[in-house]
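Visitor: I would like the atomic coordinates for the input below:
(one chain, ligands or ions: 1)
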Amino acid sequence: MQKAFLFDLNGTMIDDMEFHIRAWHSILNGLGAHLSYEETKLQCYGKNHELLERTFPGRFTLAEKDTMSIEKEKQYQEAFRPQLKLIDGLAVFMEEAKQLNIPMAIGSAAIMFNIDFVLDGLNIRHYINAIVSADDVNISKPHPETFLKCAEQLGVAPENCIVFEDSPKGVEAAAAAGMKAVVITTMHEEHEFAAYNNILCFIEDYRSLTVENLTKEQSFM
Ligand SMILES: O=P(O)(O)OC[C@H]1O[C@@H](O)[C@H](O)[C@@H](O)[C@@H]1O
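Guide: Sure, this is the predicted structure:
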C-alpha cells in the first residue's frame, strides 16, 4: 500500500516559530493590537490574511493585507536567515524516505515566498513531490483542505498519509482530513495536544525516528 509523508513547514521542518511570533508581535502591536507574546503565539496559525482578519476584523482591504503579509515575511526572513537549517535528523529521514519511494509533500499556511526561502536556502526541493501553500487553499488549517490537497496531488489516500506537525491547529487539520500525525515539540508541549486522538508519537527532533518503524502497518493504524 502506497504511503506518503506530509510535512508542515514552520516549526516542523525548521525551528523558526519564535521568529514568526516576534515579527507578528511587532507588526500587530504597531497597528494597535495590544497582544502579549503568548497571545500572539496562539494566533500563529493559518494564512497571514486569516490572522490579520481575526485580529482586525474588516479593517484592511485585500491589497493592504497582501502588503502587510510580504512586509512581515521580509522581516522574518531577514531575522531567521542566519539560523536557517533543517531540524536535527530530518535530512537523514527524508533521504531514507526517498530511497524507499515514499512521496513527500509540504502542506503549509505559509506563502510561496517563505516556502521558496526554505527549499532553495536548504537545497531540499528534490525531496518534495507536491507543495500546497496559503495561496492554494480557500481556508487554511485547522480546515483539512491543505492536507487533503497534498494527498490528492500525490495520488495517495488520506488514510495512508502521515502528517508531521508542530501545532495543535495543524494536528486538528490532520484529524479532520482523516490522517494520523507525528508531533514535533519545538513550540508546543504535549499537554496542548490532549484534545486529539490521531497522534502517533511526540518527538523532539527526527533523530529518534526511522521511516521503517513509522510505516509499519500496526503503527500506521
Ligand atoms: O502551516 P505552517 O507551515 O506551520 O505555517 C504557519 C505560519 O506560517 C507563517 O508564514 C505565518 O506568518 C504564520 O503566522 C503561521 O503561523
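
Visitor: tell me which stretches of the chain form strands.
Guide: With DSSP state E, the ranges of strands along the chain come out as 4-7, 104-107, 130-132, 161-165, 180-184, 199-203.

Visitor: wait, which of those strands is closest to Q83?
Guide: Closest approach to Q83 among the strands of the chain (Cβ to Cβ): strand 180-184, 16.6 Å. For glycine as for every other residue, the C-beta is placed from the backbone atoms N, C-alpha and C.

Visitor: could you name the helices and strands sitting against that closest one?
Guide: For strand 180-184, the elements it packs on are strand 161-165, helix 168-176, strand 199-203, judged by 3 or more Cβ pairs under 8 Å, 6 or more residues apart in numbering; DSSP states H and E.

Visitor: rerun that using 10 Å as the cut-off
Guide: In terms of contacts (3 or more Cβ pairs under 10 Å, 6 or more residues apart in numbering; DSSP states H and E), strand 180-184 is packed against strand 4-7, strand 161-165, helix 168-176, strand 199-203.

Visitor: count of neighbours near the closest residue to D136 other than its chain neighbours?
Guide: In space, and not counting its chain neighbours, D136 is closest to K149: 6.3 Å by Cβ to Cβ, 6 or more residues apart in numbering. For K149, the count of nearby residues is 19 (other Cβ atoms under 10 Å).

Visitor: pretty sure K149 is touching I106, no?
Guide: No - using Cβ atoms under 10 Å, K149 is not in contact with I106; the gap is 11.2 Å.

Visitor: quick one: contacts for the residue nearest to D136?
Guide: Residues counted as contacts of K149 (Cβ atoms under 10 Å, 6 or more residues apart in numbering) are L6, A105, G107, A130, I131, V132, D136, V137, A177.

Visitor: at 7 Å what do you get?
Guide: Contacts for K149 (Cβ atoms under 7 Å, 6 or more residues apart in numbering) come out as V132, D136, V137.

Visitor: can I see the domain layout of this protein?
Guide: For the chain, the structural domains run 4-15+86-220, 17-82, going by automatic domain parsing.

Visitor: and the protein, which residues reach the ligand?
Guide: Listed as neighbours of the ligand in the chain under the rule Cβ under 6 Å from any ligand atom: 8-11, 20, 24, 44-45, 48, 51, 108-110, 114, 141, 167.

Visitor: and the gap between the residue lying farthest from the centre of the chain and F60?
Guide: Going by Cα atoms, centre = their mean, the residue of the chain most distant from its centre is G32, 27.6 Å out. For G32, the distance to F60 (Cβ to Cβ, to the nearest Å) stands at 12 Å.

Visitor: what's the neighbour count on the closest residue to A176 other than its chain neighbours?
Guide: Sequence neighbours aside, P144 is the residue nearest to A176 in space, at 3.9 Å (criterion: Cβ to Cβ, 6+ apart). Neighbours of P144 under the rule other Cβ under 10 Å: 21.
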